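Student: coords please:
(chains A and B)
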Amino acid sequence: MGKKKVGIPRAFFYYIYYPAWRTYFESLGYEVVTSPETTKDIVDLGVRDALAEACVPVKIFFGHVQAVKDDVDYLFIPRVMSMNGKTIYCPKFLGLPDMIKAAVADLPPVIDVTIDARQSRLTLQKAAISVAKDLGHSSLEGLKALRKAVHVHKRYVALQRAGALPDEAIPVLFSGDRSAELNLLNSQKSRAKETIYKSPLRLAVVGYPYTVYDKFVNVNLLEKLRDLGVETVTMEMMDPALLDKQSYRLDKRIFWTFSDQASKAAYHYFEHVGEVDGIIHVTAFGCGPDFIVDKLMEIESKNMRGQVPFMSLSVDEHTGEGGIMTRVEAFCEMVRRRKEAAV
Amino acid sequence: MKKVTFPHMGTSVGVFADLVRDLGCEPIVPIRPNKKVLDLGVRYAPEFACFPFKALLGNYYEAAERGANYVVTSGGSGPCRAGLYGELSEKIMRSFGIDMTIIVFDSIYQTPFDYIKKINLLNDAKLSYWTIIQLVRLYWRKLQAMDNIERVSHQVRPRELKRDNTTDVFSEGVKWVNQAKTIKEVEEAERQGILALQQIPQDPTRQVVRVGIVGEIYVLLEPAINLEIEEILGNLGVQVDRSIYLTGWARDATMGHKDDYKKHATPYLGATIGGHGQESIGHTIMYARDGFDGVVQLAPFTCIPEIVTKTIMPKVTHDYGIPVLTFFLDEQTGKAGMQTRLEAFVDMLKRKQRTERGEGEDYARVSGN
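Tutor: Prediction:
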């Protein structure tokens, strides 16, 4: 009798917490399965089930659920309300397991534990225990699994800070090859340094992780930029302390975690002119919070009298590669010319 | 003197204008959102702003044309975007060279010092806190009175003999409440308003179906935004029950039992998702349990909590058997289209009611036994 399987859809929180969640379930003795990388077929599956008014990331999530649900014994779709006790997430995250359960047929049992740091600072521990017990394990096993998960998460964050993208970092983390991991950690760091000298452009690509790192929805933007000789910086590569320093910008902290991060990342680069040559904001069509975030960035770019070129890139399920790359190439061209003229 | 405007929210306009005046500022009374207001809002708001944002921004611009330089509005701490609207609106207006300061009142429980600081900012008449509290009590009672009168109008309108009778009497009632100067006068105005409505000639034998209205608070409360949906339904013979009133407690009074929507909603939507997401689900279930014939869900286009709710609604309909009709409203919504959909919906509800009562109609008779 093989191990029981837990499915984690390859969307949304996958890009941030997959290493942690997979470690947790593997420690409890389960095999963790995820869906393949996003493809047109997966998106179509999602579009069928999700509401037309829903944003693209939600449709993609529905698609990934469809792609993974038939091969697993459990689906892990936690209700993540708040991880830091201060910021929450877009309402779609808060109601995600409920939407899936209401709209998708033939689901395996869904593990939809609530994680809310505003209710309790020990929310992760409580969740780890609750899930373990529901699956028939002891609280202690749950806590041990959590400890391992937190460890792996820290290593993952370190890799991201060094410039590794999720699909580079995750295989290395689970390969068991520690030396490969160290290589990645250092080579990314040194690669970043080399490219500063070699490549003529450095752009900040700001946006939510599930849009920035999903190669289908953003037509492989990061790779394409690297091909254009552009070094890219994403939110996950920034030191959180730098983001905190931008808190003075708004009277009220933006309550959605990723939006808060993205706005502050953009504000940082607007303020520290020259750290990057330009900012691209990647946003999903239909994103609610982004109408505010994008507008704030746009207003800020005008306030700074165009010192840091800014571009807003909207992606959706129909994203035509040609259209996007034309705009991006034009932007890079303009930024390059501007930089050379300034020298 | 500060020239202060505020959102136009149904019947509350007169009350807020009075409060602003008492505090020593000049109220720039917002006009009922019309085409000009919406055009202004659509022009300056980002494309995917939700409808309430566009309407409010349009109102602020229109008020700015009449000299307003302050706005008072409510806030929030999410997940609904409305908590950030004040700040965003101000930034947008300033980027176009308009000097508007937007004062956002969040929760007095979460940020009490901030709340009091902002009251002081408006309190140019230097009223004592005691006076302010007394004033708020009076105005709150006025809002409640208007809500109570409105509730009765929902019962009368479907049965009125002469069209628009109810609407006219209701406007009179609201005027009386606005003119009252003490709580006693408000209570008298409330009594008179309700009496006047009950005295409207009605047809007690008319078939009336009961429909609950759920959804996001702004589109629910502002008839200019929901294209007078309650009136349309009333004229179609529907006794409407709105699940959200500005003052809130009118709801408990209607139902005769506690508004425990959370308890009912949780199996379907396990958390507060902001806006009125859980309320929409919970209230729909409560309407079903109270024997209502149908539910209409009103939401602004792109409203995320309501999108989540709508995704879950079919399951509720399946489990409780209550039909739900959803409208996503924006500046393009046409009244005629809405009317047609509502007529079809009400038709179906009436037919269902007749069938359940055993008064079923024969649609086709196959001859030959």
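
Student: how about the secondary structure of residue A:300?
Tutor: Three-state call for residue A:300 (DSSP: H, G, I helix; E, B strand; the rest coil): helix.

Student: kindly apply the preceding question to residue B:358 instead.
Tutor: Classification of residue B:358 by three-state DSSP places it in coil.

Student: count the residues that sit near it.
Tutor: By other Cβ atoms under 10 Å in any protein chain shown, the residues close to residue B:358 number 6. For the C-beta atoms, the positions are set from N, CA and C on the backbone; glycine is no exception.

Student: bridged to residue B:239, which residues?
Tutor: Assessed by DSSP bridges, residue B:239 has beta-bridge partners residue B:210.

Student: which ones are touching it?
Tutor: By Cβ atoms under 8 Å, 6 or more residues apart in numbering or on different chains, the contact set of residue B:239 is B:154, B:155, B:158, B:208, B:209, B:210, B:211.

Student: and it, how far is that from residue B:288?
Tutor: 16 Å (Cβ to Cβ, to the nearest Å).

Student: sorry, back to before: only whichever of the contacts of residue B:239 are buried, select them in PyMOL.
Tutor: The PyMOL selection below is limited to those of the contacts of residue B:239 classed as buried (16 or more other Cβ atoms under 10 Å in any protein chain shown):
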select buried, chain B and resi 154+155+158+208+209+210+211
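
Student: just put the contacts of residue B:239 in TSV and tack on pLDDT.
Tutor: Shown next, in TSV, are the contacts of residue B:239 (pLDDT from 0 to 100):
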residue	pLDDT
B:154	92
B:155	91
B:158	92
B:208	91
B:209	93
B:210	94
B:211	95
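
Student: residue A:37: which of the contacts of residue B:239 is nearest?
Tutor: Comparing the contacts of residue B:239 against residue A:37 with Cβ to Cβ picks out residue B:211 as the nearest, at 46.7 Å.

Student: you'd agree the closest one is up against residue B:296?
Tutor: Yes. The pair residue B:211 / residue B:296 is scored as a contact, 5.9 Å apart, by Cβ atoms under 8 Å.

Student: joint contacts of these two?
Tutor: residue B:233.

Student: what about stretch A:298-315, near chain B?
Tutor: Yes. Stretch A:298-315 is in contact with chain B by Cβ under 8 Å from any Cβ of the partner chain, via A:299, A:302, A:303.

Student: buried ones in that stretch, by neighbour count?
Tutor: A:298, A:300, A:301, A:308, A:309, A:310, A:311, A:312, A:313, A:314, A:315.

Student: mind showing which ranges of the stretch 1-150 of chain A have poor pLDDT?
Tutor: Applying pLDDT under 70 to the stretch 1-150 of chain A picks out residues A:1.

Student: which positions in it make contact with chain B?
Tutor: Contact residues, the stretch 1-150 of chain A versus chain B (Cβ under 8 Å from any Cβ): A:50-51, A:53-54, A:79, A:81, A:88-92, A:94-95, A:97-99, A:101-103, A:112, A:114, A:116.

Student: mind checking which of these land in helices?
Tutor: Within the residues of the stretch 1-150 of chain A next to chain B, residues falling in helices by DSSP state H are A:91, A:92, A:94, A:97, A:98, A:99, A:101, A:102, A:103.

Student: make CSV from the residues you listed and add distance to residue A:20 to it.
Tutor: As requested, these are exported to CSV (distance: Cβ to Cβ, whole Å):
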residue, distance to residue A:20
A:91, 24
A:92, 21
A:94, 20
A:97, 18
A:98, 23
A:99, 23
A:101, 24
A:102, 27
A:103, 27
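
Student: gap between whichever residue of chain A sits closest to chain B and residue A:122?
Tutor: The minimum distance from chain A to chain B, using Cβ to the nearest Cβ, falls at residue A:255 (3.4 Å). Residue A:255 sits 22 Å away from residue A:122, going by Cβ to Cβ.

Student: neighbour count: these two, which is higher?
Tutor: More neighbours surround residue A:255 than the other of residue A:255 and residue A:122, with 23 against 11 (other Cβ under 10 Å).

Student: what helix or strand does residue 142 sit in?
Tutor: Using chain A. Residue A:142 is part of helix A:139-161, with elements assigned from DSSP states H and E.

Student: looking at chain B here, not the other one
Tutor: Following DSSP H and E, one finds residue B:142 within helix B:129-156.

Student: buried residues in that helix?
Tutor: Using 16+ other Cβ under 10 Å as the test for burial, helix B:129-156 gives B:132, B:138-139, B:141-156.

Student: over to stretch A:22-37?
Tutor: Those would be A:22, A:23, A:24, A:25, A:26, A:27, A:28, A:30, A:32, A:33, A:34, A:35, for stretch A:22-37 by 16+ other Cβ under 10 Å.

Student: isn't the residue of chain A closest to chain B up against residue B:80?
Tutor: No. Residue A:255 lies out of contact with residue B:80 (Cβ under 8 Å); the separation is 9.3 Å.

Student: burial measure for residue 293, as a count.
Tutor: With no chain named, the answer covers chain A. For residue A:293, using other Cβ under 10 Å, the count is 27.

Student: meant chain B actually
Tutor: Here the number of neighbours of residue B:293 (other Cβ under 10 Å) works out to 22.

Student: for the spatially closest residue to residue B:47 that is not a sequence neighbour, give me its contacts.
Tutor: Of all residues not flanking residue B:47 in the chain, residue A:291 sits nearest, at 7.2 Å (Cβ to Cβ, 6 or more residues apart in numbering or on different chains). Neighbour list for residue A:291: B:46, B:47, B:48, B:49, B:81, B:302 [criterion: Cβ under 8 Å, 6+ apart].

Student: in JSON lines: those, plus distance to residue A:341, pLDDT and secondary structure.
Tutor: Shown next, in JSON lines, are those (distance: Cβ to Cβ, whole Å; pLDDT from 0 to 100; DSSP: H, G, I helix; E, B strand; the rest coil):
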{"residue": "B:46", "distance to residue A:341": "32", "pLDDT": "89", "secondary structure": "coil"}
{"residue": "B:47", "distance to residue A:341": "33", "pLDDT": "85", "secondary structure": "coil"}
{"residue": "B:48", "distance to residue A:341": "35", "pLDDT": "84", "secondary structure": "coil"}
{"residue": "B:49", "distance to residue A:341": "37", "pLDDT": "88", "secondary structure": "coil"}
{"residue": "B:81", "distance to residue A:341": "40", "pLDDT": "84", "secondary structure": "helix"}
{"residue": "B:302", "distance to residue A:341": "41", "pLDDT": "83", "secondary structure": "coil"}
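
Student: now residue A:110. Its backbone dihedrals?
Tutor: Main-chain dihedrals, residue A:110, degrees, to the nearest 10: phi -100, psi 130.

Student: is it bridged to anything, and to what?
Tutor: Beta-bridge partners for residue A:110, by DSSP bridges, are residue A:75.

Student: neighbours of it, just the number please.
Tutor: If you count neighbours by other Cβ under 10 Å, residue A:110 ends up with 18.
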